[in-house]
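In: here is a sequence together with a model predicted from it:
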Amino acid sequence: MTFTLTLSGADLLLLLPEMLLTVWLCVVLTMDFAMPRLPKDRLAYLSVAGLAGVLANLVWFDLAGIGGTLFAHMFVVDRLAVFFKIFIVGTTILVILASVDYVRRFRFFKGEYYFLVLMSALGMMFMASANDLLSVFITLEFSTFGFYVLVAYLRDDVASNEAGLKFFILGVFAAGLLAYGISLVYGETGKLVFSDIASPSATPGLVIGFLLIFAALGFKIGAVPFHSWIPDTYHGAPTPVTAFLSIAPKGAAFAILIRMFFVSLAAFKPAWVLLLVGASILSMTYGNIVAIAQRNIKRLLAYSGIAQIGNILIGLAAGTKMGGDAILFYLLTYLFANLGAFAIVIAVGNLIRSDEIEDYNGLNRRSPFLAFAMLVFLLSLAGVPPLAGFIGKLYIFLAAIDEGLYTLIAVGLINIVISMYYYLVVVKKMYINEPTDPSPLTISPPMKVVVYAGLAGTLFLGIYPQPAINWVVAATLMFSNLAGPAAAAPTLVLPIGG
Amino acid sequence: MVPLSAYVAVSAVLFTTGVIGVLIRRNFIIVLMAVEIMLNAANLNLVAFSHYLDSMAGQIVALFVIAIAGGEAAVGLAIIIVVFRGKISTNVDEMNLLKW
Amino acid sequence: MTGSEPLLDYLGRYFSIVLFIGIALAFGVVTLLISYLVQPKYPEAEKLSPYECGSEPFSDARMPFPVRYYIFAMLFVIFDIEVIFLYPWAVVFDKIGLVGLVEMLVFIGLFLMAYVYAWKKGALEWD
């Protein structure tokens, strides 16, 4: 057997964003321990500066259309990967800005917090590029290791410890399922790369293997019936970590799910559509119904997040290029609305040290800006026009209509009505109820940046979605062969804004 | 020569043992050990398939699985130390603070 | 696996596995059952106490001991495990040339970074 190992300059260029981030997180860690008296806020801004550089690099990749594969097709850079990397890096920047105030509360290891956030972001960037089963396994674990520590970060808070432990147990269990699933798929096909394992026959080993891999990714995105860690972990984790955990890993996991279902399993679409329709209906219905009973805002957003994942699974169930577009667009709307809502929860939590919904009574009197921003984010999550969430839901339902998934759409519409109820309960408390403590609330500049970014994204994607639609349509061009019957039109023309 | 099916059978038994261990054992450390058994079941499969298919990829995956299992054990023990300080218990059932 | 194979034939090849599981289970159950049926039962305190190389047990084995042991053990596990990647490299290092060497140096450099961090943070101090 002969081995060749060469890395040309062009190959290294594909890895440039990841290498930049690796160097940068080493710099952040070194500055943390080499300069103990450096204010830790500076590390946050240093991290954001590095991520901004990575973001600029990725935007250049996207505009210049740079792409290719590395390491025997393990690592792929295409427009889909670049889209998800921009999504992840953008989320990370906003999460770090939203963490600055919160991290001051920590007694120990303030600097390492930023290091771990960057480390998880790096892992998720590799996830977006994972193109075979080995890199899926490594990158999934790589990104999750950082989160295990981050969730249990509040050492003196028993709830955080417990959240970390529950997250860890289910996370490693999912890793066990994933490894075994990979071993079975490898045994049946002898290959690992997604395009090579597209076997024409469904042998039992292959079916069980893919089901186990789907279960592991289901744990990652928190789809019912693999959701059991979500509420407790979201509740106990430090709130900025919850915000991070509720968005970035979901996006990265969807990058893998899209590649797996659209490339490896394209031949078995009739079989997996049923699986995904089931998971989607269960996630939406369970998430929305249990959310009604919540009294803690973090748990409410956790269950609403499960329901949102159910919505995104509709796009995956459609299994067409348009379904892929809709997933990407929905993730963008979810990023701005969910991160914005968590930013308000972080800001209010920093000020009044409580996450109970009761304590949002009369928020409008205490801070009209926070109350208005929360109103916009919750309505966007519910899917009210003209906000981003409405376009996202519309896009995903249109993709499902093309494939004739009418039951799924009916369930989705009923769920929008249910979700409206519990979002509006929070709105009512903020605007109508009387505050118990009427002292005004003010928020810090970095937090303001995050809330403004969320508002801007939510309004922009809702009122003028065409640039973003063009972007996601271009990102999934490689799936054009999966076009459904009604995919003759190159771009979606939406009733408003477009 | 031992047939491939024997390896797959042992691996399946190991994997089932691991899954059952995670689901029914209540001590956190034993749960962690059960997960390691699941990962080792995967390793056995990978190495056996790698030999019978005459492809190196399986052995490389097995190496990575071992390394990641080591990382998991380290992070898991770190978390359990933190929990142990707070609650003086390693029983999964006593983790009941977070409920809706 | 070939695509045209009927499902039953395919499952038939796995029949030996089913047989194997059955025999393994029966072996365990039968052995335990026989020893349960034929063993004499005279329990007494001395027999149930833990055996410690002949010396009298002097305290409960589950006494607390310094958490520092765990930190050392964890650091050891991590650094130990990573050596695993040196083995495949050692097998082919003469064939993959300079690129392989540089990649391995980067890998070890990242480890050195972690080591310096643990050192600076005082994780390696015994007291």
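Out: Looks like it arrived, so ask away. Numbers count the residues shown, from 1 in each chain, chains lettered A, B, ... in the order given.

In: use CA for all of it now, contacts and neighbours both
Out: OK.

In: longest helix in chain B, please.
Out: Longest helix in chain B, counting residues (DSSP state H): helix B:57-87.

In: tell me the mean pLDDT over it?
Out: Here helix B:57-87 scores 85 as its mean pLDDT.

In: cool, and stretch A:314-334?
Out: The model assigns stretch A:314-334 a mean pLDDT of 90.

In: buried ones in stretch C:103-118, by neighbour count?
Out: For stretch C:103-118, a neighbour-count test (16 or more other CA atoms under 10 Å in any protein chain shown) marks C:104, C:114-115, C:117 as buried.

In: if we look at chain A, which of these are close to it?
Out: C:Y117 (CA under 8 Å from any CA of the partner chain).

In: and which of the buried residues of stretch C:103-118 is nearest to A:G176?
Out: Lowest distance from A:G176 to those (CA to CA) belongs to C:A114, with 26.6 Å.

In: element containing that closest one?
Out: If you go by DSSP states H and E, C:A114 is part of helix C:86-120.

In: next, the angle helix B:57-87 makes with that helix.
Out: Relative orientation of helix C:86-120 versus helix B:57-87 (axes from the mean of the first three to the mean of the last three CA atoms, to 10 degrees): 20 degrees.

In: what is helix C:86-120 packed up against?
Out: Applying 3 or more CA pairs under 8 Å, 6 or more residues apart in numbering or on different chains; DSSP states H and E, one finds that helix C:86-120 contacts helix A:16-34.

In: ok and the helix it packs on relative to helix C:86-120, angle-wise?
Out: Computed by the same axes, to 10 degrees, the angle between helix A:16-34 and helix C:86-120 is 40 degrees.

In: buried set for helix A:16-34?
Out: A:17-18, A:20-21, A:24-33.

In: near chain C, which of these show up?
Out: Okay, of the buried residues of helix A:16-34 touching chain C (CA under 8 Å from any CA), that's A:26, A:30, A:33.

In: ok, the first one to A:F115 distance?
Out: Spelled out, that is A:C26. Shown here: A:C26 relative to A:F115, a distance of 8 Å by CA to CA, to the nearest Å.

In: what's the helix or strand harbouring A:A456 packed up against?
Out: Element membership for A:A456 (DSSP H and E) is helix A:445-463. The contact analysis (3+ CA pairs under 8 Å, 6+ apart) places helix A:445-463 against helix A:79-103, helix A:321-352, helix A:368-382, helix A:388-402.

In: need the residues that contact that helix.
Out: A:94, A:97-98, A:100, A:333, A:336-337, A:339-340, A:343-344, A:347, A:373, A:376-377, A:380, A:385-391, A:468, A:496-497 (CA atoms under 8 Å, 6 or more residues apart in numbering or on different chains).

In: so what's the residue of chain B found nearest chain A up against?
Out: Going by CA to the nearest CA, chain A is nearest to B:A42 of chain B, at 4.4 Å. Going by CA under 8 Å, 6+ apart, B:A42 touches A:176, A:179-183, B:11, B:15, B:62.

In: all helices of chain C, in order?
Out: C:7-13, C:15-38, C:45-48, C:68-82, C:86-120.

In: what about A:T69, which SS state?
Out: Assigned by DSSP: H, G, I helix; E, B strand; the rest coil, the conformation of A:T69 is strand.

In: how about it: what's its closest non-neighbour residue?
Out: Spatial nearest neighbour of A:T69, excluding adjacent residues (CA to CA, 6 or more residues apart in numbering or on different chains): A:V76 at 4.3 Å.

In: is it fair to say that neighbour lies in a strand?
Out: Yes - counting by three-state DSSP, A:V76 is found in a strand.

In: doesn't A:L70 make contact with it?
Out: Yes - checked against CA atoms under 8 Å, the pair A:V76 and A:L70 is within contact range at 6.3 Å.

In: quick check, pLDDT for residue 30.
Out: Here I'm looking at chain A. In this model, A:T30 carries a pLDDT of 89.

In: to clarify, I was referring to chain C.
Out: pLDDT, read off for C:V30, is 93.

In: any idea how far it is from C:A24?
Out: From C:V30 to C:A24 the distance is 10 Å (CA to CA).

In: do the same with A:P270
Out: A:P270 is 39 Å from C:A24, by CA to CA.
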